[in-house]
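**Student:** One predicted model, sequence on top.
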Amino acid sequence: MPDATTIERLLPDAFRETTLSIAGKQSGKVRDWYPLAGNRRLIVTTDRLSAFDRVLSAVPYKGQVLNQLAAWWFDQTADVIANHMLSVPDPNALIGVEAQPLPVEVIVRGYITGVTSTALWYRYSLGERDIYGYTFPEGLHKNDRLPAAIITPTTKGGPTGHDERLTCAEVVDTGLLPRDMWEEVQAAALALFARGQQVAERADLILVDTKYEFGVDPKGRVILIDEVHTPDSSRFWKADSYAARIAAGDEPENFDKEFVRLAFAEHGYRGDGVPPTVPDSLWAAASQRYMTIYEMLTGQPFMPGSYPVQPRLTENLRTAGLDV
């Protein structure tokens, strides 16, 4: 993983004039970032795995999968909405335009599933039918496809965590976002999800649900930030076994971090208190799933430390209207 003495090499020739501020380093649950000159930032992914909104352990090669798969997806969706990617100088690192994150994260759901207390299926199983501002029909079963994809917004996580019971109407009514911006964000999220479903279907996968983060760039435009359609930000099921597993009453085959979350749930853990100790084999199996979904989606082998899929950066920059 890059450190203060080697991180300068991650700056390609086009960025040599920038000054990296190690002192300005910030860390999230799964990535670190460093401010650069010219409204840019260096984002470095790590192998840390977060579930139940906390870091549980590390998954080998996860950081590289997240970085490279997100870069690949930014290419696939640059015609839907501009994104923050400027350069991918290292398997673990991405240089992006600095953007002000919106206070709302957008979750798009295509299926009714989940095991936590705020999950769609959990609330439905308790008898609720009006959830997140939507009225759901009777007769749905766990992991069923919804009649249409829905948006369930949530606030950015802070000291008190996320507000996951927020409705689309409340985003505007409470002043989190102006109506026109929220309408733009919703339209982009649904279009991104539709594109993601199409690509996943060609890879024999089901895109179940996903989280999108948007920000405002220095020119005042809404752009896609963070990552997109990775095993950390999205839930993927194996399509060819889905129907048979549902009919047998089993969980669909997961290719995302839900695999880990479900394993902890089977040990009676859903985020509160001290996480239980799980077998080391769980982390090896999770690593294999991360690499496998990369290969299924991109059609390229995952080779640690290399760049199996190169982003089409010039096209992305032209679409985004960003100068470098």
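**Tutor:** Yep, it's here.

**Student:** what bits of this protein have low per-residue confidence?
**Tutor:** Scanning the chain for pLDDT under 70 picks out 1-23, 157-163, 314-324.

**Student:** can you tell me which residue is nearest the centre of it?
**Tutor:** Taking CA atoms, centre = their mean, the centroid of the chain lies closest to residue 233, which sits 2.1 Å from it.

**Student:** who are the neighbours in contact with that residue?
**Tutor:** 210-212, 226-227 (CB atoms under 8 Å, 6 or more residues apart in numbering). Where C-beta positions appear, they are placed from N, C-alpha and C, glycine not excepted.

**Student:** so which of those comes closest to residue 109?
**Tutor:** residue 210 (8.4 Å; CB to CB).

**Student:** what number of residues lie near the closest one?
**Tutor:** Residues contacting residue 210 under the criterion other CB atoms under 10 Å number 24.

**Student:** Excluding sequence neighbours, find me the nearest residue to it.
**Tutor:** Spatial nearest neighbour of residue 210, chain neighbours left out: residue 234 (3.8 Å); criterion: CB to CB, 6 or more residues apart in numbering.

**Student:** of all the contacts of residue 233, which comes closest to residue 97?
**Tutor:** residue 226 (12.6 Å).

**Student:** So the closest one sits against residue 210, correct?
**Tutor:** No: here residue 226 lies out of contact with residue 210, judged by CB atoms under 8 Å, at a distance of 11.3 Å.

**Student:** re the thing from before, out of the contacts of residue 233, who's nearest residue 52?
**Tutor:** Using CB to CB, residue 211 comes nearest to residue 52 of the contacts of residue 233, at 14.6 Å.

**Student:** Am I right that the closest one sits in a helix?
**Tutor:** No: under DSSP: H, G, I helix; E, B strand; the rest coil, residue 211 sits outside any helix and is assigned strand.

**Student:** Just list the residues touching the residue nearest to residue 210, thanks.
**Tutor:** For residue 234, the contact set (CB under 8 Å, 6+ apart) comprises 196, 207-211, 256.

**Student:** Same question for residue 77.
**Tutor:** Going by CB under 8 Å, 6+ apart, residue 77 touches 83, 192, 195-196, 224, 228.

**Student:** Most widely separated two among those residues?
**Tutor:** Farthest pair in the contacts of residue 77 (CB to CB) is 83 and 196. Separation: 13.8 Å.

**Student:** and the two? which has more neighbours close in?
**Tutor:** Between residue 83 and residue 196, residue 83 has the larger neighbour count (other CB under 10 Å), namely 29 against 25.
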